[in-house]
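K.L.:
need the 3D shape of this:
(one chain, ligands or ions: 1)
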Amino acid sequence: MSYVQIAVDGPAGSGKSTIAKKIAERLNITYIDTGAMYRALTYKVLINNIDIENEDAIIELARKSKIEFLQDNIYLDNDIVNEEIRLPKVSKNVSYVAKIPQVRKILVDVQRKLALNQDVVMDGRDIGTYVLKDANLKIFLTATVEERSRRRYSELKNKGLDVTFDDVRKDIINRDKIDKERKFAPLIEADDAIVIDTTDLSVEDVVDKITSILEGGQ
Ligand code: DC
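P.N.:
Next up is the predicted model:
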């Protein structure tokens, strides 16, 4: 029996996780946030004071860490770290960890295993191009840098974090650049992905659009 795989990719702040979660709810299937896995490892790198450029030490850490995404929670060595992985210092450093090929291989293995025996909506950067190349539906979300920065800024402000719009914008631009320019599984839309620009769309608009694509309309 084969399971349903829906890939949702796109740059930071394009609305991936909000949209992917809602699609999973509507279809009553499992949501998997792959960015949370790279963030959890980055958090562990930071709390262990490992230099972000020390690739060998980061790979070694990845090998001996247990990183799982289960029922909307991200686990790092059996602890839930949902809040910690959203800290600005993790966002600033995560792309440096995610560009290491051996790190990606370790985490992609876990991601593929999660999709082996259940229907999934998986969000990330390389789901349609690499992790689940045969996904039934591939969505690539985009939005302008200004709009994506606005969304991320208000998300962080709502959590009470002390950030400036300018810092958030710079972080998004830097992350996009590293994610797009890395050699192994970069951020790019799959040839067979449906691209949706979410700049002027509400969350419900986007979810409706994807639901109608799934039902065979456009
Ligand atoms: O989706 P996010 O912002 O939580 O992702 C955090 C970082 O993780 C992102 O800047 C790049 C990386 N990432 C990746 O390289 N591949 C994925 N499948 C998901 C995230």
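
K.L.:
which residues sit against the longest helix along the chain?
P.N.:
Counting by DSSP state H, the longest helix found in the chain is helix 165-181. The contact list for helix 165-181 (Cβ atoms under 8 Å, 6 or more residues apart in numbering) reads 11-13, 88, 91-92, 94-96, 98-99, 125, 145-146, 148-150, 152-153, 156, 186-188. In this view, the C-beta of every residue, glycine as well, is placed from N, C-alpha and C.

K.L.:
what of stretch 114-123?
P.N.:
Outside stretch 114-123, the residues that touch it by Cβ under 8 Å, 6+ apart are 3-9, 16-17, 19-21, 23-24, 27, 29-35, 69, 111, 131-132, 135.

K.L.:
any weak-confidence spans in this protein?
P.N.:
Under the criterion pLDDT under 70, the flagged ranges of the chain are 1, 217-218.

K.L.:
gap between Ile210 and Ile23?
P.N.:
6 Å (Cβ to Cβ, to the nearest Å).

K.L.:
what's the answer for Leu187, then?
P.N.:
As defined by Cβ to Cβ, Leu187 lies at a distance of 20 Å from Ile23.

K.L.:
one more: Ile74?
P.N.:
Between Ile74 and Ile23 the distance is 19 Å, computed by Cβ to Cβ.

K.L.:
then Asp171?
P.N.:
To Ile23, Asp171 is 27 Å away according to Cβ to Cβ.

K.L.:
equivalent analysis for Gly15, please.
P.N.:
11 Å.

K.L.:
comparing the two, which shows the higher neighbour count?
P.N.:
Neighbours around Gly15 and Ile23, counted as other Cβ atoms under 10 Å, are more numerous at Gly15. The numbers are 25 against 22.

K.L.:
just checking, that one touches Thr198?
P.N.:
Yes. Taking contacts as Cβ atoms under 8 Å, Gly15 lies within contact range of Thr198: 4.8 Å.

K.L.:
who touches both of those two?
P.N.:
Common contacts of Gly15 and Thr198, defined by Cβ under 8 Å, 6+ apart, comprise 141, 143, 206.

K.L.:
so which bits of stretch 52-67 are buried?
P.N.:
When burial is assessed from 16 or more other Cβ atoms under 10 Å, stretch 52-67 yields the following buried residues: 52, 55, 58-59, 61-62, 67.
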